[in-house]
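Participant: Please find the sequence and the predicted model below.
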Amino acid sequence: EQPSAPKPVAAPMRSLPWGDINFLQTTDTHSWHAGHLQEPQYSADWGDYISFAERMRQKADDVGVDLLLVDTGDRIEGNGLYDASDPKGVYFYDIVKEQNIDIICTGNHELYQADASAREYNTTVPNFKGKYLASNLDYINPKTGEQVPMAQRYRKFTTKNKGIRIVAFGFLFDFTGNADNTVVQPVEKTIKEEWFQDAIREEADLFVIIGHVTLHGPEYKAIYKAIRGQNWDTPIQFFGGHSHIRDFAKYDSKAYALQSGRYMETLGWMSIEGIKGKGKKDGSKQLGPRASMSFKRRYIDNNLFGYHYHTGLNESTFSTDHGKNVSSMIHEARKALDLDRIYGCAPRDLWLNRAPYPGNKSIFTWLEEEVMPEAAVTEKRKDKPRLAITNTGALRFDIFKGAFTHDTTYIISPFVSQFRYIRDVPYKSAKQVLPLLNNGGPILKTTSLKHWELAPPEQMSILTDIIAPEVLSPEPFVQNGWQSPLIPATDDEPDLIPGYTTKDDGGDDGDDTLHKQISFYRVPNCIQSTISFPDDGSDPETVDLIFVDFIQPWILVALQYVGESYKETDVSIYREETLTQLMAAWIKKNWKKDC
Ligand SMILES: Nc1ccn([C@@H]2O[C@H](COP(=O)(O)O)[C@@H](O)[C@H]2O)c(=O)n1
């Protein structure tokens, strides 16, 4: 772990079920490879994960079963370890490649910016040669303009200990926001291609589909139907991602899917018992239906207490030299990037989804009422009445009371989105834009734009508020000078740490650590600040309509819906700085430095 990481807190644990074949999954790590330096329950780093994987592989070898590692994309954007260097990822790729991942694929974040996709193609794909799969993704060579597969389409291999013959694929959901040096082919189209139809006819003991794809969306449904249509009895294991939640889905009695959360908070554990490997010399041919199998999952909190518990090792025996070296690499990178430099001290916790919006604990109320009115201003139009709109998905994580650092700026908002504007929009039309964006309804029915892309990804899957019987601690729980946001609120239960209490198709026993439930309040797609309006409370004739560039397509559609025919050429840059830079400047100016 990193030297400044808070020590994990002991908690009641559930052990890991082992099977003939076992998997560890990471997804949506978003470059949190240093672990969480303000939350003890997620404080292990990528080096610790390397030690954990090496110890668990040894355990698997000792009893003659298999363990494979999977990563399903969105490794970049969301933490200073990737975002703070110029170019991005200077230290990051060498750290990630140290983990011995068996099957790996691309997320949408690897594709938003052309330079990131190029690094993926030129660095990550070769770093994981033979393991990186791109079933529906092509790269466009910038020199020749040639469109080539991002990586190999699928992989066939046999596991070391049980001789299980695996046919594996690596998909991305039907993403359309990629830069123009990649091509994402819709899943429905891909599965009709000859290579895929041939691959699902290969002899296999297990199909493994990894993807940056949610478990209950149309893409996995289509792939499942295609494989099951051809192989009525072969087990199928899916690994998904993208919506940042812990999830487990049962498609049928031999087809399951696992998704392992976000931000290095969770390692997913999947075990399948009852598979017979035919890839061993002594293997016999499968005749008739396979015997019953069991598919079990766990969500492992990423901390050393759990890693010691699951390996049966301790502080002096757990870490491998390799793992320790990678922790040092991360520490050196963080120092070189100056990630602990303090910008200001947050006076209170500000929550993305743990507190209701609007409210003084909501990060969006803070942005709307305090930050945007100061940030959405330019000298030459500072007296113009204006509406400034930001999508809530632009903010990615909570702010904890205490030190707000260089690192935190990227944790809160890693995007390079800028404010743009359309000048002098009739107010009667401009004021209808926010409700249209938030209601989703009519404007989006006629376009391919999806309203859920505006809000935090968790809201794709969490469709109603979850209100937990917990209160915020009056006294923050302080460790190593850092603060953990919550402590248990009442005395009537043992000291449970607030955290994930997952319910999925397997029931409510998936989490490896017993937690106290945390609330989740849904937020609107977008928020709006009203700035420089007439003092007498009257409506202005026209306003400058300001918005972050990510939502420009939605804004133009909404304006068209209310009868205004603005085009891309009517949009200009309002501020040169990114939203992240404007927020950082606001914090430097408004929050005191001495925490
Ligand atoms: N420039 C951007 C890019 C993305 N977003 C938001 O992030 C969401 C995707 O996040 P995942 O981690 O799930 O891939 C996207 O739907 C937007 O809400 C953004 O705000 N600005």
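Facilitator: Right, received. Where do you want to start?

Participant: How many residues are close by the nearest residue to residue 570 once chain neighbours are set aside?
Facilitator: Nearest residue to residue 570 in three dimensions, chain neighbours excluded: residue 422, at 5.3 Å (Cβ to Cβ, 6 or more residues apart in numbering). The way it works is simple: take the backbone N, C-alpha and C, and place the C-beta from them, glycine included. For residue 422, the neighbour count with other Cβ atoms under 10 Å is 22.

Participant: The helix or strand hosting residue 422: partners in the sheet, and parallel or antiparallel?
Facilitator: Taking DSSP states H and E as the criterion, residue 422 maps to strand 418-426. Strands that pair with strand 418-426, judged by DSSP bridges, come out as strand 542-548 (antiparallel), strand 572-578 (antiparallel).

Participant: mind checking how far whatever residue of the chain ends up closest to the ligand is from residue 61?
Facilitator: Nearest residue of the chain to the ligand: residue 393, at 2.0 Å (Cβ to the nearest ligand atom). Separation of residue 393 from residue 61 (Cβ to Cβ, to the nearest Å): 43 Å.

Participant: same deal with residue 6?
Facilitator: Distance from residue 6 to residue 61, by Cβ to Cβ: 33 Å.

Participant: which of the two has more neighbours?
Facilitator: For residue 6 versus residue 61, the count of surrounding residues by other Cβ under 10 Å is larger for residue 6: 25 against 13.

Participant: can you give me phi and psi for that one?
Facilitator: phi -70, psi 150 (degrees, to the nearest 10).

Participant: Same question for the one 5 residues further on.
Facilitator: The phi/psi pair for residue 11 (degrees, to the nearest 10) reads phi -150, psi 160.

Participant: Does stretch 457-472 reach the ligand?
Facilitator: Yes - counting by Cβ under 6 Å from any ligand atom, the ligand has neighbours in stretch 457-472: residue 457.

Participant: Only C-alpha atoms, please: export that stretch in CSV.
Facilitator: Extracted C-alpha coordinates of stretch 457-472, given in CSV (Å, rounded to 0.1, in the frame of the first residue of the first chain):
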residue,chain,number,x,y,z
PRO,A,457,-22.9,6.0,-14.7
GLU,A,458,-24.2,4.3,-11.5
GLN,A,459,-27.6,5.7,-12.3
MET,A,460,-27.8,3.4,-15.3
SER,A,461,-28.4,0.5,-12.9
ILE,A,462,-29.7,2.2,-9.7
LEU,A,463,-33.1,3.3,-10.7
THR,A,464,-34.6,4.4,-7.3
ASP,A,465,-33.2,6.1,-4.2
ILE,A,466,-31.8,3.9,-1.5
ILE,A,467,-32.1,5.5,1.9
ALA,A,468,-30.0,3.8,4.5
PRO,A,469,-30.7,4.0,8.3
GLU,A,470,-27.4,5.7,8.9
VAL,A,471,-26.3,9.2,9.8
LEU,A,472,-23.1,11.0,9.1
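
Participant: Got the confidence number for the residue with the largest distance to the centre of the chain?
Facilitator: Going by Cα atoms, centre = their mean, the residue of the chain most distant from its centre is residue 536, 45.5 Å out. On the pLDDT scale, residue 536 is placed at 96.

Participant: If you count neighbours, what's buried in the longest helix seen in the chain?
Facilitator: As assigned by DSSP state H, the longest helix anywhere in the chain is helix 46-63. Buried residues in helix 46-63, counted by 16 or more other Cβ atoms under 10 Å: 46-57, 59-60.

Participant: what packs against that helix?
Facilitator: If contacts are counted by 3 or more Cβ pairs under 8 Å, 6 or more residues apart in numbering; DSSP states H and E, helix 46-63 sits against strand 21-26, strand 66-71, helix 304-311, helix 321-336.

Participant: if we look at the second one, which residues are touching it?
Facilitator: For strand 66-71, contacts defined as Cβ atoms under 8 Å, 6 or more residues apart in numbering pick out 20-27, 29, 53, 56-57, 59-60, 99-105, 159-162, 164, 208, 210, 239.

Participant: Following the chain onward from that strand, which element is next?
Facilitator: helix 80-83.

Participant: Now the element after that next one, going C-ward?
Facilitator: Counting by DSSP H and E, the next helix or strand C-terminal to helix 80-83 is helix 92-96.

Participant: Nice, that's everything, thank you.
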